[in-house]
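Enquirer: Mind folding the following:
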Amino acid sequence: MKKLLVVLFLAVPVFAADEMRKLDWWVGEWSGPATIRMGPGEPQQVMQSEKVQSKLGGRALLVEGLGKTGDQVVHQALGVVSFNEQTKKYEFHAWTAHDGHVEAWFEAGEKDSASWGFTTPQGAKIRYTINRTEKGEWHEVGEYSPNGTQWMKFFDMTLTKK
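Expert: Numbering: from 1, shown residues only. Next up is the predicted model:
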């Protein structure tokens, strides 16, 4: 019985590591143009960078995002993605300089894709879809929905790896 428990205990982290490997392509430093629309008016063009580091032997990713127009910081975020062995689900904790903390849902696709999102305190939905393009770029689209049925794009970025 002891041998069975040891084998089961050791297998759990391997499963989590396998799930996190789906995101290995994120690791590195990325930069490129992004378009952000916050409310009415014209969208804002920014230079976005994402620095992604593998932590804890591959069990977590630390994601640092920075959007700037010239020297002005427009968007600054920090996130941690991990895989919970007990729930068999990804977890994504994210913070921004302006809005504070969100605990987001997160899904990793089989083909270099991921999606994540959350519900705002007012009940609106935010979702992001990330894909690696054929050129190896990180393409991400953010969408907003006041009711979960009608979606409006407010964010679009295409980054290349340094």
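
Enquirer: Which of the helices or strands spans residue 20?
Expert: Using DSSP states H and E, residue 20 sits within helix 2-21.

Enquirer: Quick one: mean pLDDT for that helix?
Expert: Taken as a whole, helix 2-21 carries a mean pLDDT of 60.

Enquirer: Show the subsequent helix or strand relative to it.
Expert: strand 28-36.

Enquirer: could you give the angle of whichever helix or strand comes after that next one to strand 28-36?
Expert: Using DSSP H and E, the next helix or strand after strand 28-36 towards the C-terminus is strand 44-55. In terms of direction (axes from the mean of the first three to the mean of the last three CA atoms, to 10 degrees), strand 44-55 departs from strand 28-36 by 150 degrees.

Enquirer: Find the centremost residue of this structure, please.
Expert: For the chain, residue 116 is the residue whose C-alpha lies nearest the centre (CA atoms, centre = their mean; 6.3 Å).

Enquirer: Helix or strand for the nearest residue to it once chain neighbours are set aside, just tell me which one.
Expert: Counting by CB to CB, 6 or more residues apart in numbering, residue 106 is the residue found nearest to residue 116 once chain neighbours are left out, at 4.3 Å. C-betas here are computed from N, CA, C, even on glycine. Taking DSSP H and E as the criterion, residue 106 maps to strand 100-108.
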